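# Okay, structure incoming, though there's no sequence with it:
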């Protein structure tokens, strides 16, 4: 569904990603693994249109690399960003309204938000509370729910486990697994290798802006070997 | 008693005018970090539009009021499209200088196409009558001004809470890029902010014209400078702060005038700005400045 070819991403004059190819088939969960500064978030930013990039990005065969941020969102690309970036000054409900702002069927949107509140009961209980008062894990759920209410074709998840306690991280990965069974196409960016490999179908390893290896998730086992390689640990 | 009520109304109406203009500055600043010093020229443009409509069309004051509001919205939106959109991505200083530039260009256009001297436009003066309530005599204009401002603030609050565009504007004040990532067009949000800012300028213009009865090229600059101070007191970028700052400034100004002996009348401004300085020592970012981001929750 999403095909990326010879993608280079720039931050000012600096080239952060040096020409990579990524393919995300429909209904699959694909993971980008890598250490800090490997270019994972840059890659996602080039897909959403917030970073300057060259190369082609195709969604359902159509080249979207020249479209604006807003147009890409309307075509069905939704991002749950790194650091969550929820609207802390708005209520939980209004955050979801923002997520669904591109939808024309407002009645169906209200019904969908109600449905997501069943899926994420913590958010339902706090729907009229300011989002800034939520805990870190709840904010992450809100960021994911905000991306989902737009009814996206593909969901981009940028480090959903960042800064969360282990139990909450487990909960977030459970949510990702649930989304996969619902048939959602997911591009996941993670540092938590073992948990990410477990939920994914296919894995790309990004190392200082290039793909150092890729393959079916099963090829990477539980990820220990990979982490040792990336971090330079010799056991 | 009579005197006290008159002075309270005085303070409220001054405050209302400052609050209206300050809100117009704050709504644009909160979203795109631009201090729109050309806001005053939008107000002056409203005044000139009155003369144009009155000469070409009709001098019916109600039609003129709608005309002033419409022309101010139009002027504000056109300024955004022509001047500010092109420097949106530039440094904040560039935006500030652009605003000053636009302000100077417009003032000179008014000078060239209008007149360097004040031109009479007296259609709104009828709003200012002396009302006798029992044994209290008050100015009707002050009551209208305070009332209209409170209604406008109420409607603005409703808009910002209940409509998608309004909610998006509040969200954009926090994280504009994230709003765009939600598929909401940046141009729409910013044009919306400028339209509201223009509407508030139009409202302020009606009351300023009712008081002055004439329009002059530089008439918008002083009110905007005062409103800027109101924004600074209240906390720049905070809408409630702009309202609070506006009313606080109006009330202080009248209180200082009333409390200082007549012979010290010239000291009124100095006294007001001493108070402003004290407030800023107490709260350097303004009274209701948006809370600092205390970092990510873990």
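Looks like it came in fine. For clarity, every value in this text was computed on a predicted model and none was experimentally measured.
# other SSEs contacting the helix or strand bottoming out on mean pLDDT in chain A?
Sorting the helices and strands of chain A by mean pLDDT, DSSP states H and E puts helix A:224-231 at the bottom, at a mean of 75. On a contact count with 3 or more Cβ pairs under 8 Å, 6 or more residues apart in numbering or on different chains; DSSP states H and E, helix A:224-231 meets helix A:193-199, strand A:202-207. For glycine as for every other residue, the C-beta is placed from the backbone atoms N, C-alpha and C.
# out of these, which comes closest to residue A:136?
helix A:193-199 (16.8 Å; Cβ to Cβ).
# quick one on the thing from earlier: can you give me the angle the least confident helix or strand of chain A makes with strand A:202-207?
20 degrees (axes from the mean of the first three to the mean of the last three Cα atoms, to 10 degrees).
# What parts of the stretch 151-298 of chain B come near chain A?
Applying Cβ under 8 Å from any Cβ of the partner chain, we find that the stretch 151-298 of chain B lies next to chain A at B:164, B:167-168, B:170-171, B:173-175, B:177-186, B:296-298.
# 7 Å instead?
B:164, B:167-168, B:170-171, B:174-175, B:177-185, B:296-298 (Cβ under 7 Å from any Cβ of the partner chain).
# taking the helices and strands packed on helix A:224-231 together, which one is wrapped up most tightly?
Of all the helices and strands packed on helix A:224-231, strand A:202-207 carries the top mean neighbour count, a mean of 21, counting by mean count of other Cβ atoms under 10 Å in any protein chain shown.
# Buried residues, the next helix or strand after that strand. List them.
Sequence order places strand A:210-216 as the next helix or strand after strand A:202-207, per DSSP states H and E. Applying a neighbour-count criterion of 16 or more other Cβ atoms under 10 Å in any protein chain shown, one finds A:211, A:214 buried in strand A:210-216.
# Counting by contacts, list what strand A:210-216 packs against.
Strand A:210-216 sits against strand A:14-24, strand A:202-207, with contacts defined as 3 or more Cβ pairs under 7 Å, 6 or more residues apart in numbering or on different chains; DSSP states H and E.
# Please identify which of these is closest to chain B.
Nearest to chain B among the helices and strands packed on strand A:210-216 is strand A:14-24 (17.6 Å), distances taken as Cβ to the nearest Cβ.
# what's the closest one in contact with?
Contacts to strand A:14-24, defined as Cβ atoms under 7 Å, 6 or more residues apart in numbering or on different chains, come from residues A:1-10, A:30, A:39, A:42-43, A:55, A:154, A:185, A:187, A:204, A:209-211.
# before we move on, which element is residue B:279 in?
Short version, using DSSP H and E: residue B:279 is in helix B:268-282.
# check contacts around the nearest residue in space to residue A:16 that is not next to it in sequence.
The spatially closest residue to residue A:16, leaving aside those adjacent along the chain, is residue A:42, at 4.3 Å (Cβ to Cβ, 6 or more residues apart in numbering or on different chains). Residues in contact with residue A:42 (Cβ under 7 Å, 6+ apart) are A:9, A:16-17, A:51.
# next one: residue A:53
Here residue A:53 is in contact with A:7-10, A:46, A:65 (Cβ under 7 Å, 6+ apart).
# what residue ranges in chain A are flagged as low confidence?
Low-confidence segments of chain A, defined by pLDDT under 70, span residues A:233-235.
# before we move on, back to that, give the PyMOL command for selecting the buried subset of the residues of the stretch 151-298 of chain B next to chain A.
A single PyMOL command selects the buried members of these (16+ other Cβ under 10 Å):
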select buried, chain B and resi 167+168+170+171+174+175+178+179+180+181+182+183+184+185+297
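# hmm, back to that, just the contacts of residue A:53 now: which is nearest residue B:40?
Using Cβ to Cβ, residue A:10 comes nearest to residue B:40 of the contacts of residue A:53, at 41.0 Å.
# Phi and psi next, for that closest one.
Phi and psi for residue A:10, reported as degrees, to the nearest 10, are phi -120, psi 140.
# Surely it touches residue A:55?
No: counting by Cβ atoms under 7 Å, residue A:10 stays clear of residue A:55, with 11.1 Å between them.
# Would you map the strands across chain A?
Secondary structure of chain A, counting by DSSP state E: strands at A:2-11, A:14-24, A:29-33, A:52-59, A:62-63, A:77-80, A:154-158, A:185-190, A:202-207, A:210-216.
# Can you check what angle separates the second one from strand A:202-207?
The reference is to strand A:14-24. Note on geometry: by the same axes, to 10 degrees, strand A:14-24 and strand A:202-207 are set 170 degrees apart in direction.
# Strand A:14-24 versus strand A:52-59: what angle between them?
Going by the same axes, to 10 degrees, strand A:14-24 makes 10 degrees with strand A:52-59.
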